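> with the input below, show me the fold.
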Amino acid sequence: MELGHWQLSPTLLSENKEEMPYGFVYEITNLVDGKKYIGKKQCQHVKKLRPLKGKKNKRHQIAETDWKSYTSSSDKLNADIEKHGKENFKFEILMWGYSKSDLSYKEAKLQFDNDVLLCDNYYNGIINIRLSKIKTN
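All right, here's what the predicted structure looks like:
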């Protein structure tokens, strides 16, 4: 699988991913000052299409997002990437998420475990969570 500028964490290197997961939790590290950011990114999204002629139900199509070129939703981090250059940052995928709720849970857990709001060495300024029970098939 082509990862763009992202690297896999050592724990994920042994996994052989053939199919695209729903998304991933990542950590971006500023190699100049050591500051970090923990976030999540969806690899896929569901595109809703109009119903076919004579039908009532909307159609759904799975499409890939811009995850390969994505940097962050943090304005401060993106400003630093612009200032220092992308080569001075490490973009690392920490874990895969297999549903929207799974992805949100893993991101929030990592953010709380690392005290991202209490430390000055994180770019994170908010932990925005909306969780539901993780659905299993």
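> contacts and neighbour counts: CA atoms only from here.
Noted.
> quick one: list the elements packing against the lengthiest helix in the chain.
Longest helix in the chain by number of residues (criterion: DSSP state H): helix 100-113. Here helix 100-113 touches strand 23-30, strand 36-42, strand 89-97, going by 3 or more C-alpha pairs under 8 Å, 6 or more residues apart in numbering; DSSP states H and E.
> neighbouring contacts of that helix?
Residues from elsewhere that reach helix 100-113 (C-alpha atoms under 8 Å, 6 or more residues apart in numbering): 22-25, 38-40, 96-97, 127, 129-135.
> cool, and stretch 37-47?
Stretch 37-47 is contacted from outside by 20-29, 60-67, 72, 77, 103-104, 107, 110-111, 116, 122-124, using C-alpha under 8 Å, 6+ apart.
> alpha carbons of it, as CSV, please.
The C-alpha coordinates for stretch 37-47 follow below in CSV (Å, rounded to 0.1, in the frame of the first residue of the first chain):
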residue,chain,number,x,y,z
TYR,A,37,0.6,16.4,17.4
ILE,A,38,-1.8,13.4,17.8
GLY,A,39,-4.8,13.2,15.4
LYS,A,40,-6.8,11.0,13.2
LYS,A,41,-7.5,10.8,9.5
GLN,A,42,-10.1,8.9,7.5
CYS,A,43,-8.8,7.0,4.5
GLN,A,44,-12.3,6.5,3.1
HIS,A,45,-15.6,8.3,3.1
VAL,A,46,-19.0,7.4,1.9
LYS,A,47,-20.3,9.6,-0.9
